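no sequence on this one, just coordinates:
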């Protein structure tokens, strides 16, 4: 490829929260590697559940690694959000055209968008005016079949690259754990109100002191048929557009009226 | 106080992200302690910038401590979000009537709502159907003057307890670093589009290997006069109602139309 052709290619930053050696990120790189110039910057260890954490109290390490055939890759000692920040400032020295995060091992639908390191990396990119997509497969196992995830990731990235993108666009894409022929297609949805009901497991250490493990049962409190949970239960790939303006405008209007009267 | 009176009092859970020994949480407890039955569950160390992180890979510790005069208090080895989850499941065994987080040492306006452990604790409470308020003072120093923060925290909590609350209500309250007489009052606002422009500081360790410190400069890209940044610059206490449904409904409609045509 000539220098000129390379310059015309879109630059795609890829990260995740399961760590740079996870099968999910390998499958994502494979799925899209001919669609642009790929640069991977991902955590050197699993960072699930890190949400939008950033590293303030410790310095960060960043090392180039040979993990993907013919693809520039760096491992970082920080969180997924740190990876995006470092990639832009210290590796790319520019904003990439697109940021992809995942493929996460396990679901990130409904409220999980808030806890997910995968989605927080995507949100961080969009805050920095880089359109982004987070991908998650509804299968936790290391041997998960990523065939459908690869197919849909590629389809979505092709569609996005073909149209001018909103710089603050974030998509949360979840893929059912099914062979592609059983998936009915893409469904654009809203985030379901569904969450884990916590139930901490209490144990005693060898010194007789208590400790707790976070466990819980997933509950869907949302009866809508336009949600990501509904889409996934009905064998669709769910696509939820996400935003980082958390203002509750309905409550804003209500409070303004209430507090004016009082 | 009789058993009956105690049962009628609202139960107020207080947490923070600066740790249970920070002056901010002590000031918040003092400001509201006669307004209900207060239970403090807060991190045993600073957890700034932890965002909505939860602890999955390690067990959690929880110990009763005597830190506040006559107030039940527990320190937890986890993140602010862990504190809220553990408080409900293992300490209160019920949902408190209100959750307060802070007072944070430093601003949590604009995009900082996403990185902030203080606000994530408040968001977690609201996910669990507990109305919540996060408070932050625009002063990082340990010697900060919390007079205005205490006064406004009390005013807001009194107003909230006097009206039936939306179970999913979250308020992000920031207080200017000013004496009360110079503060113009409360202003209900939206979240400004303002953020830190990252600039990692590069250093070499004694072995010649590079490491990076996160630094950055705060930039306001938002010219609105209805934002939290505007309110604070104009000496108001900013109150932003926050939500945990991150769906971008405008983009949802757009994508549905676009993808139907293609």
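Sure, I can see it. Not measured: the values here are computed from a predicted model.

For the stretch 101-250 of chain A, just list every one of the helices.
Using DSSP state H, counting those that start in this stretch, the helices found in the stretch 101-250 of chain A span residues A:112-115, A:117-127, A:147-161, A:228-233, A:249-261.

Quick one: closest of the ones you listed to residue B:74.
When the helices of the stretch 101-250 of chain A are compared for distance to residue B:74 using Cβ to Cβ, the nearest one is helix A:112-115, at 22.4 Å. (Glycine included, C-beta is placed from N, CA and C.)

Residues in contact with the closest one: which ones?
Taking Cβ atoms under 8 Å, 6 or more residues apart in numbering or on different chains as the criterion, the residues outside helix A:112-115 that touch it are A:49, A:51, A:119, A:172, A:191, A:240, A:242, B:52-54, B:81, B:123, B:127, B:244, B:246.

Over to stretch A:181-192?
Judged by Cβ under 8 Å, 6+ apart, the contacts made with stretch A:181-192 from elsewhere in the structure are A:109-111, A:113, A:148, A:152, A:155-156, A:172, A:175-176, A:220, A:222, A:224, A:226-231, A:234-242, B:245-247, B:249, B:252, B:255-256, B:259.

now do stretch A:155-163
Stretch A:155-163 is contacted by residues A:10, A:12, A:31-32, A:35-36, A:97-98, A:100, A:131, A:133, A:171, A:173, A:186, A:239, B:258-259, B:262 when judged by Cβ under 8 Å, 6+ apart.

sorry, back to before: can you list the helices of the stretch 101-250 of chain A in TSV and add mean neighbour count and distance to residue B:214?
Output for these, formatted as TSV (neighbours: other Cβ atoms under 10 Å in any protein chain shown; distance: least, Cβ to Cβ, whole Å):
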stretch	mean neighbour count	distance to residue B:214
helix A:112-115	26	22
helix A:117-127	30	12
helix A:147-161	19	29
helix A:228-233	23	32
helix A:249-261	13	31
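
Quickly, which of these bottoms out on average pLDDT?
Among those, helix A:249-261 carries the lowest mean pLDDT, a mean of 87.

what helices or strands is that helix leaning on?
The elements that helix A:249-261 packs onto, with contact taken as 3 or more Cβ pairs under 8 Å, 6 or more residues apart in numbering or on different chains; DSSP states H and E, are strand B:186-188, strand B:237-242.

Return a selection command, for use in PyMOL, containing the buried ones of the contacts of stretch A:155-163.
Below is the selection syntax for PyMOL that covers the buried ones among the contacts of stretch A:155-163, with 16 or more other Cβ atoms under 10 Å in any protein chain shown defining burial:
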select buried, chain A and resi 12+31+32+35+36+97+98+100+131+133+171+173+186+239
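
quick one: which of the contacts of stretch A:155-163 sit in strands?
Helix and strand membership here follows DSSP state E; of those, those in strands are A:12, A:98, A:100, A:133, A:171, A:173, A:186, A:239.

Which members of those residues are the farthest-apart pair?
By the measure Cβ to Cβ, A:12 and A:186 form the most distant pair in the ones in strands among the contacts of stretch A:155-163, at 19.9 Å.

Give me every residue in the stretch 1-150 of chain A lying close to chain B.
Residues of the stretch 1-150 of chain A found near chain B (Cβ under 8 Å from any Cβ of the partner chain) are A:46, A:48-57, A:59-62, A:81-82, A:85-86, A:88-90, A:111, A:113-115, A:120, A:123, A:127-128.

What subset of those residues is buried?
Restricting these to buried positions leaves A:46, A:48-55, A:59-62, A:81-82, A:85-86, A:88-90, A:111, A:113-115, A:120, A:123, A:127-128, with burial counted as 16+ other Cβ under 10 Å.

How about stretch A:208-222 and chain B, touching?
Yes. Stretch A:208-222 is in contact with chain B by Cβ under 8 Å from any Cβ, via A:209, A:210, A:211, A:212, A:213, A:214.

Those residues into TSV, with extra columns for pLDDT, distance to residue A:104 and neighbour count?
Written out in TSV, the entries for the residues of stretch A:208-222 next to chain B read as follows (pLDDT from 0 to 100; distance: Cβ to Cβ, whole Å; neighbours: other Cβ atoms under 10 Å in any protein chain shown):
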residue	pLDDT	distance to residue A:104	neighbour count
A:209	90	34	10
A:210	92	32	14
A:211	92	27	16
A:212	92	25	22
A:213	91	21	15
A:214	89	18	23
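
any weak-confidence spans in the stretch 101-250 of chain A?
Per-residue confidence of the stretch 101-250 of chain A (counting by pLDDT under 70) places no residue in a weak region.

Just give me the closest of the contacts of helix A:112-115 to residue A:72.
Comparing the contacts of helix A:112-115 against residue A:72 with Cβ to Cβ places residue A:119 closest, at 24.0 Å.

Pairing partners for the residue nearest to residue A:44 when sequence neighbours are not counted in the sheet, please.
With Cβ to Cβ, 6 or more residues apart in numbering or on different chains as the criterion, residue A:44 has its nearest non-adjacent residue at 4.1 Å, and that residue is residue A:75. For residue A:75, the beta-bridge assignment (DSSP bridges) gives partners residue A:42, residue A:63.

so residue A:75 sits right up against residue A:66, yeah?
No. At 10.7 Å, residue A:75 and residue A:66 do not qualify as touching, with contact defined as Cβ atoms under 8 Å.

Okay, and the beta partners of residue A:247?
Partner residues in beta bridges with residue A:247: residue B:242, with DSSP bridges as the criterion.

What count of nearby residues applies to residue A:183?
Under the neighbour criterion other Cβ atoms under 10 Å in any protein chain shown, residue A:183 is assigned a count of 16.

Show the backbone phi and psi for it.
Listed backbone geometry of residue A:183 is phi -90, psi 130, with angles given as degrees, to the nearest 10.

quick one: it and residue A:232, what's the gap?
With distances defined as Cβ to Cβ, to the nearest Å, the gap from residue A:183 to residue A:232 amounts to 10 Å.

shared neighbours of the two, anything?
Where contact means Cβ under 8 Å, 6+ apart, the residues bridging residue A:183 and residue A:232 through contact with each are residue A:176.
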